[in-house]
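Novice: The following block contains a protein sequence and its predicted model.
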Amino acid sequence: MLALFGAIAFSGKAIIVKLAYRHGVDAVTLIMYRMLFALPIFAVMAWWASRGKPPLLRRDWLGVAGLGVTGYYLASFLDFAGLAYISASLERLILYLNPTLVMLLGWLLYGRRIHWGQALGMAISYSGVVLVFGLEAQLQGTDAAWGALLVFLSAVSYAIYLVYSGEMVQRIGALRLVGLATTVACLCCLLQFVLLRPLSAAAVAPEVVWLSVLNATLCTAAPVLMVMMAVERIGAGMTAQTGMVGPLSTILMGVWILGEPFTLWVAMGTALVMAGIFVFTRMSRR
């Protein structure tokens with residue numbers, strides 16, 4: 001249940017972002033508000049996980065800063081920016097390719113072999129994304145291409161975080177690393193707003209503020225904790241498989257709340273992506 005609700009809560013982020021964009025806010029301001037409200041939660045998380053633990057070394061702080069910038073700040077900002085141009089459904093399908101990107105980075109950086117079954121799963125899932133992207137490209141033209149590229153770069157950024165976080169997780173602990181790295185990301189988003197926007201840009205519609213509170217709590221902090229608690233109880237493999245409900249919940253909420261079209265092409269593309277990731281993860285475990 002923790003894994004299920006965590007996946008659904010994560011998938012609601014795109015819906016909230018799309019709703020906020022209807023009130024004339026831009027990505028820099030919107031992510032600033034999200035991280036402003038999430039900062040106290042993650043700071044408390046970092047403090048709680050650090051109790052009774054030895055202080056971090058200089059190299060640890062540098063590692064935390066680097067992971068915070070790539071895994072949470074850059075990935076989040078690119079994702080928010082991309083959502084201004086593409087549907088929530090396509091965004092979720094692109095982000096769902098993350099395991100394949102981790103595998104590709106392992107091949108590029110460390111020469112790890114890619115099994116034929118993994119390559120098959122990747123081919124199936126990427127064909128599904130191309131199918132859905134082709135539909136949006138017909139409707140929105142170059143905007144869809146730009147938005148898809150931004151979201152794909154977001155997925156790449158988070159994959160880099162996953163590839164390089166393994167050693168640090170073992171050394172300082174998952175909860176402590178997540179709390180510290182997300183705190184760094186929150187500070188980066190606040191600094192970005194101060195440097196790129198006048199303070200008057202913080203004057204937004206009340207709906208944007210309340211949507212940002214919901215995004216920071218229900219769709220950011222809460223699912224992080226739920227997924228970590230799920231991993232402790234049923235393991236990473238089962239948690240990842242349960243997370244396959246994420247794209248489906250995003251599509252359903254997109255149709256129900258945002259009024260996004262649900263066509264045969266979207267259904268076929270989603271089925272291909274989920275089938276491909278299922279084959280990929282199954283062959284990876286073998």
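Specialist: Perfect, thanks for sending it.
Novice: Pull the distance from stretch 45-57 to the chain's centre.
Specialist: 25 Å (Cα atoms, centre = their mean, to the nearest Å).
Novice: Which of the helices or strands spans Ala14?
Specialist: For Ala14, the host element (DSSP states H and E) is helix 2-21.
Novice: Give me the average confidence score over that helix.
Specialist: Across helix 2-21, the average pLDDT comes to 88.
Novice: and that helix, what does it pack onto?
Specialist: Counting contacts by 3 or more Cβ pairs under 8 Å, 6 or more residues apart in numbering; DSSP states H and E, helix 2-21 packs against helix 27-50, helix 88-95, helix 206-216, helix 222-242, helix 245-253. All C-beta atoms are positioned from the backbone trio N, CA, C, and that covers glycine.
Novice: which of these is buried the deepest?
Specialist: Of all the helices and strands packed on helix 2-21, helix 88-95 has the most neighbours on average by mean count of other Cβ atoms under 10 Å, namely a mean of 27.
Novice: Pull that one out as PDB, backbone CA atoms only.
Specialist: Provided in PDB are the C-alpha atoms of helix 88-95 (Å, rounded to 0.1, in the frame of the first residue of the first chain):
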ATOM      1  CA  ALA A  88       1.200  15.200 -18.400                       C
ATOM      2  CA  SER A  89       0.800  11.800 -20.000                       C
ATOM      3  CA  LEU A  90       3.800  12.100 -22.300                       C
ATOM      4  CA  GLU A  91       5.900  13.600 -19.500                       C
ATOM      5  CA  ARG A  92       5.200  10.600 -17.200                       C
ATOM      6  CA  LEU A  93       6.000   8.100 -20.000                       C
ATOM      7  CA  ILE A  94       9.300   9.900 -20.700                       C
ATOM      8  CA  LEU A  95      10.300   9.900 -17.000                       C
END
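Novice: Helices of the stretch 51-200 of the chain, start to end?
Specialist: For the stretch 51-200 of the chain, applying DSSP state H, counting those that start in this stretch gives helices covering 58-67, 75-82, 88-95, 98-110, 116-140, 142-172, 174-196.
Novice: quick one: which of those is nearest Ala14?
Specialist: Within these, the stretch nearest Ala14 is helix 88-95; the backing value is 3.9 Å (Cβ to Cβ).
Novice: Give me the contact list for that closest one.
Specialist: With contact meaning Cβ atoms under 8 Å, 6 or more residues apart in numbering, helix 88-95 is reached by 11, 14-15, 17-18, 79, 82-83, 128-129, 132-133, 136, 144, 147-148, 151-152, 154-155, 158, 246-247, 250-251, 253-254, 258, 260, 266, 269-270, 273.
Novice: pretty sure Val102 contacts Tyr161?
Specialist: No. If you go by Cβ atoms under 8 Å, Val102 and Tyr161 don't touch, sitting 9.7 Å apart.
Novice: looking at the helices of the stretch 51-200 of the chain, which is closest to Ser50?
Specialist: In terms of Cβ to Cβ, the element of these nearest to Ser50 is helix 174-196, at 5.6 Å.
Novice: any low-confidence regions in the stretch 151-286 of the chain?
Specialist: Where the stretch 151-286 of the chain drops to pLDDT under 70, the residues are 231, 235-241, 284-286.
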